[in-house]
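[1] Have a look; sequence and predicted model below, questions after that.
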Amino acid sequence: MDFSIIVAMDEKGGIGKDGGLPWKLSKDMKHFRETTIGEGNNTVIMGRKTWDSIPDKFRPLPNRKNIVLSRQENLILPKNTQLAHSLNQALEQTRHNGEVFVIGGGAIYQEALNHPACKTVYLTAVHASFDCDTFFLPDESKWTLVSDSPIQEENNLHFSFCVYRA
Ligand SMILES: NC(=O)c1ccc[n+]([C@@H]2O[C@H](COP(=O)([O-])OP(=O)(O)OC[C@H]3O[C@@H](n4cnc5c(N)ncnc54)[C@H](OP(=O)(O)O)[C@@H]3O)[C@@H](O)[C@H]2O)c1
């Protein structure tokens, strides 16, 4: 089953710093929420460190099936959150009639980008450069820009919502 990546990235491919996001953009959070919830039957797959970065009161992400990737056998997760030990195992656990989004972080994106079923990237292009320690590094020759929103502005930052297809 095909799946998508959703990511926000700065001009140098930066996506994270010290286990968190380098910026605070509520418009992007809204875009993320609306895109990943869709019709309400979707699945989000994330790395264990991204799971850890979400405050308790906001996780699991509501109205979506949450799957956390970890190599730990005994990782404790809430009852309504699933554990998977590989990306393929996670993909097997997704809901069959909804969309599937890989939501980060850097390690999981890299594996997802190389997966043959990864067909779409929802990219928030942040038009600035931050001090980051985690990066999103796609092979640009594989991806075609199919849509680009008007420029958005918040907190003196400019950004746009792009969609790329394999
Ligand atoms: N800008 C964005 O759109 C965006 C989105 C999401 C996250 N982020 C940022 O990205 C950073 C986190 O990224 P990260 O690369 O450090 O961590 P991550 O990808 O979120 O999680 C890495 C962890 O996932 C597990 N894992 C990785 N590959 C696996 C595999 N093949 N099979 C099973 N488990 C696997 C391992 O967990 P165990 O150690 O438990 O085995 C690994 O330590 C944070 O700064 C976060 O804020 C940014």
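    Perfect, thanks for sending it.

[2] What mean pLDDT does the longest helix seen in the chain get?
    Selection of the longest helix in the chain by residue count, based on DSSP state H, yields helix 26-37. For helix 26-37, the mean pLDDT works out to 98.

[3] for stretch 79-92, same thing?
    So the average pLDDT for stretch 79-92 ends up being 96.

[4] Just the buried positions in that stretch, please.
    By 16 or more other Cβ atoms under 10 Å, the buried positions in stretch 79-92 come out as 81-84, 87, 90-91. For the C-beta atoms, the positions are set from N, CA and C on the backbone; glycine is no exception.

[5] Which ones, among those, also lie beside the ligand?
    Among the buried residues of stretch 79-92, proximity to the ligand is found for residue 87 (Cβ under 6 Å from any ligand atom).

[6] So the closest residue to residue 12 other than its chain neighbours, which state does it fall into?
    The shortest distance from residue 12 to any non-neighbouring residue, by Cβ to Cβ, 6 or more residues apart in numbering, is to residue 129 (5.4 Å). Recorded secondary structure, residue 129: coil (DSSP: H, G, I helix; E, B strand; the rest coil).

[7] give the contact list for residue 129.
    10-12, 14 (Cβ atoms under 8 Å, 6 or more residues apart in numbering).

[8] what does the longest helix of the chain rub up against?
    Under Cβ under 8 Å, 6+ apart, the answer for helix 26-37 is 6, 8, 42, 44, 61, 63-64, 101, 103, 122, 124, 152, 154, 159, 161.

[9] neighbour-wise, which of the residues you listed leads?
    residue 101 (26 neighbours; other Cβ atoms under 10 Å).
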